[in-house]
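# Only the shape, not the letters, is given here:
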């Protein structure tokens with residue numbers, strides 16, 4: 001894996017996502033620069049990261065779950 005590929009993967013694995021004009025979440029721009037095999041790797045690594053986050057959280061929630069709940073609660 002090249003440095004550029006690692007950088008793209010790291011960006012995709014972050015919790016940040018851009019928002020569209022309607023306020024909805026969009027795919028991370030780096031996602032489109034990954035090859036199909038790298039996208040599968042990103043998916044697999046994200047699943048592991050979310051499990052680790054949930055294990056460390058007092059409520060057992062990942063950063064994604066916290067973000068979703070924050071949007072619901074306003």
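Sure thing, it's come through. Bear in mind that the values here come from a model prediction, so they are computed numbers and not experimental data.
# so where do the helices sit in this protein?
For the chain, the helices defined by DSSP state H occupy 3-13, 36-56, 63-73.
# Buried deepest among these, which one?
Highest mean neighbour count among the helices of the chain (mean count of other C-beta atoms under 10 Å): helix 3-13, with a mean of 15. Backbone N, C-alpha and C define where each C-beta goes, glycine included.
# Hey, what's the angle from that helix to helix 36-56? Just curious.
Computed by axes from the mean of the first three to the mean of the last three C-alpha atoms, to 10 degrees, the angle separating helix 3-13 from helix 36-56 equals 50 degrees.
# From the chain's centroid, how far away is helix 3-13?
With C-alpha atoms, centre = their mean, to the nearest Å as the basis, helix 3-13 stands 12 Å off its chain's centre.
# ok, now stretch 32-48?
On the basis of C-alpha atoms, centre = their mean, stretch 32-48 sits 10 Å off its chain's mean C-alpha point.
# Please report how far the spatially closest residue to residue 66 that is not a sequence neighbour lies from residue 63.
Once flanking residues are discounted, residue 66 sits nearest to residue 57: 7.7 Å by C-beta to C-beta, 6 or more residues apart in numbering. Here the criterion is C-beta to C-beta, to the nearest Å. By it, residue 57 lies 8 Å from residue 63.
# Right, I'll leave it there.
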